[in-house]
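Undergrad: fold the following, please.
(one chain, ligands or ions: 2)
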Amino acid sequence: MNVGLTTPILPANEAAVASAARYLAQGGLIAFPTETVYGLGADAANPGAIARLYAAKGRPAFNPLIAHVGDFAAGQKIARFDATATALAQAFWPGPLTLVLPKSQNCPVADLATAGLDTVAVRVPAHPVARAILRAFGGPVVAPSANLSGHVSPTTAEHVHHDLAGLIDLIVDGGAVNVGVESTIVGCFEAPMLLRPGGLPRAEIERVLGRALVQPPEDADNDSGQPLAPGMLASHYAPRTRVRLNARGIEAGEALLAFGPGVVDGVETANAVMNLSPRGDLNEAAANLFGYLRTLDTRGARAIAVMPVPHHGLGEAINDRLRRAAVDRD
Ligand code: AMP
Ligand code: MG
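TA: Ligands and ions are numbered 1, 2, ... in the order given. A predicted model of the protein is given here:
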C-alpha cells in the first residue's frame with residue numbers, strides 16, 4: 001500500500017477504477033469523486049480499514065458514516081426497507097439522498113462505521129466514477145468527505161492531495177465535482193425525519209411521501225446525554241450496563257474492558273474480560289470498541305470497568321465515545 005509514501009493521483013479510467021477496488025479489498029483508503037464532494041472510501045465491512053480512515057482524517061469523534069452502495073438491491077443486503085424507504089429509494093436513487101434504516105439481519109457493515117447503532121445510513125451516489133468503483137468492488141463503501149477533520153470538503157483531486165497525501169493509498173481524479181453540498185439525510189423511523197438538509201430539497205421528498213417530514217428534537221445530538229425516545233435519532237450507542245471509566249481495579253461483579261499489556265487489581269474476579277488491544281494499538285482498539293462494549297453489555301455485569309486509554313491519535317475519539325457511554329441515563 002502507498003500509505004507513508006506520496007499518494008498517486010490517477011485519472012478516472014478503467015485501470016484507476018480497478019486499482020481503487022483492489023485497494024478497498026485490501027483494507028486500503030482511496031479518494032474518489034461523488035456528485036456531492038470527494039469521498040474518502042474504505043471497505044464498510046472492515047473495522048481495521050475504518051479505524052485507519054478515522055485516523056487519516058484526524059477525527060476527534062466516531063461519527064457514524066454513510067455506507068455507499070451501487071444500487072437498491074445492494075442496499076437491501078445491508079438495511080431493511082419498509083414501504084416508505086422503498087418509495088424514497090425508487091424516487092431518488094441514484095442521487096444525493098441518504099436513508100437511515102434498521103440494519104439487515106446479517107448486515108456486514110462494521111459496528112465502528114455505524115458508531116455501534118442498530119441503524120445504518122445508506123446511499124446510492126450518482127457520480128459515474130463512484131458507481132464504477134462500487135460495482136468493481138462489489139460491497140458497501142463508507143465515504144465521508146476526503147479532507148482533514150475541520151477543513152472544508154474537497155471538490156477537486158488537488159484539494160484531497162493537499163490534505164491527505166501520504167495518508168491514503170490512491171486518489172481517483174474525476175475532475176471538479178459540482179454540487180459541493182452534502183446529501184440530504186432522512187431517518188426512516190415511525191415518522192420520516194429530516195436529519196440533515198442537503199442536496200435534495202425537502203419539498204421533493206415530501207411530495208413523494210405525501211406528508212411533511214418531521215424535525216429531529218432540539219437536543220437530538222447534544223452532549224448532555226439526555227435520553228431520546230427509542231426509535232428516534234439514537235445518535236449515540238449506549239450500553240444498558242453502567243460504564244465506569246479510568247478503572248485501576250475491579251470491583252465485585254464488574255466486567256473489564258482492558259487496554260494494553262498492563263493488568264489491574266482483582267482482574268481474576270472480573271465477570272468477563274475483553275482487551276481492546278493487548279499490544280496497546282489505538283487503531284486496533286477503535287476497531288474493537290463497539291463490538292466489545294456490546295458483548296460485555298450482555299454479560300449481566302454490575303458495571304463495565306474501563307481501563308484508561310491514552311488520549312493521542314484515535315484515543316481522543318475512543319475516549320469521546322467512552323465518556324458518552326458512561327453518562328448516567330436514568
Ligand atoms: P457525511 O458527513 O456526509 O459523511 O455524513 C455523515 C452523517 O450521517 C453523520 O454525521 C450523521 O449525522 C449521519 N448518520 C450516519 N449514520 C447515521 C445513523 N445510523 N443514524 C443517524 N445519523 C446517521
Ligand atoms: Mg466534511
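Undergrad: those helices in the stretch 1-150 of the chain, which residues are they?
TA: With DSSP state H, counting those that start in this stretch, the ranges of helices along the stretch 1-150 of the chain come out as 14-25, 47-57, 72-78, 83-92, 128-137.
Undergrad: just say which of those is most tucked in.
TA: helix 47-57 (a mean of 23; mean count of other C-beta atoms under 10 Å). Placement of C-beta: from N, CA and C, glycine included.
Undergrad: list the contacts of it.
TA: Applying C-beta atoms under 8 Å, 6 or more residues apart in numbering, the external contacts of helix 47-57 come out as 3, 24, 27-29, 40, 42-44, 62, 65, 110-113, 142, 144, 147-149, 164, 167-168, 282-284, 286-288, 291, 313-314, 317.
Undergrad: does ligand 1 sit close to that helix?
TA: No - with C-beta under 6 Å from any ligand atom as the threshold, helix 47-57 lies outside contact range of ligand 1, at a closest distance of 10.2 Å.
Undergrad: and if you look at stretch 63-75?
TA: Yes - Stretch 63-75 reaches ligand 1 (C-beta under 6 Å from any ligand atom) through 63-66.
Undergrad: could those be laid out in JSON lines, adding pLDDT and neighbour count?
TA: JSON lines is the format used below for those (pLDDT from 0 to 100; neighbours: other C-beta atoms under 10 Å):
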{"residue": "63", "pLDDT": "88", "neighbour count": "13"}
{"residue": "64", "pLDDT": "93", "neighbour count": "21"}
{"residue": "65", "pLDDT": "95", "neighbour count": "26"}
{"residue": "66", "pLDDT": "96", "neighbour count": "24"}
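Undergrad: which one of the residues you listed is nearest to ligand 2?
TA: Using C-beta to the ion, residue 63 is the member of the residues of stretch 63-75 next to ligand 1 that lies nearest ligand 2, at 9.9 Å.
Undergrad: and that closest one, what does it touch?
TA: Taking C-beta under 8 Å, 6+ apart as the criterion, residue 63 is in contact with 115, 144.
Undergrad: which residues touch the lengthiest helix in the chain?
TA: Of all the segments assigned as helix in the chain under DSSP state H, the longest by residue count is helix 282-297. Among residues not part of helix 282-297, those counted as contacts by C-beta under 8 Å, 6+ apart are 47-48, 50-52, 54-55, 62, 110-112, 114-116, 237, 239-241, 243, 255, 257, 259, 272, 274, 276-277, 304, 309-310, 312-315, 317-318, 321-322, 325.
Undergrad: now, of those, which are buried?
TA: For these, burial is judged from neighbour counts taken by 16 or more other C-beta atoms under 10 Å, and it is met by 47-48, 50-52, 54-55, 62, 110-112, 114-116, 237, 239, 241, 243, 255, 257, 259, 272, 274, 276-277, 304, 309, 313-315, 317-318, 321-322, 325.
Undergrad: not counting its neighbours along the chain, what's nearest the residue of the chain found nearest ligand 2?
TA: Distances between the chain and ligand 2 by C-beta to the ion are smallest at residue 145, namely 3.2 Å. Leaving out its chain neighbours, the residue that sits closest to residue 145 by C-beta to C-beta, 6 or more residues apart in numbering is residue 153, at 4.0 Å.
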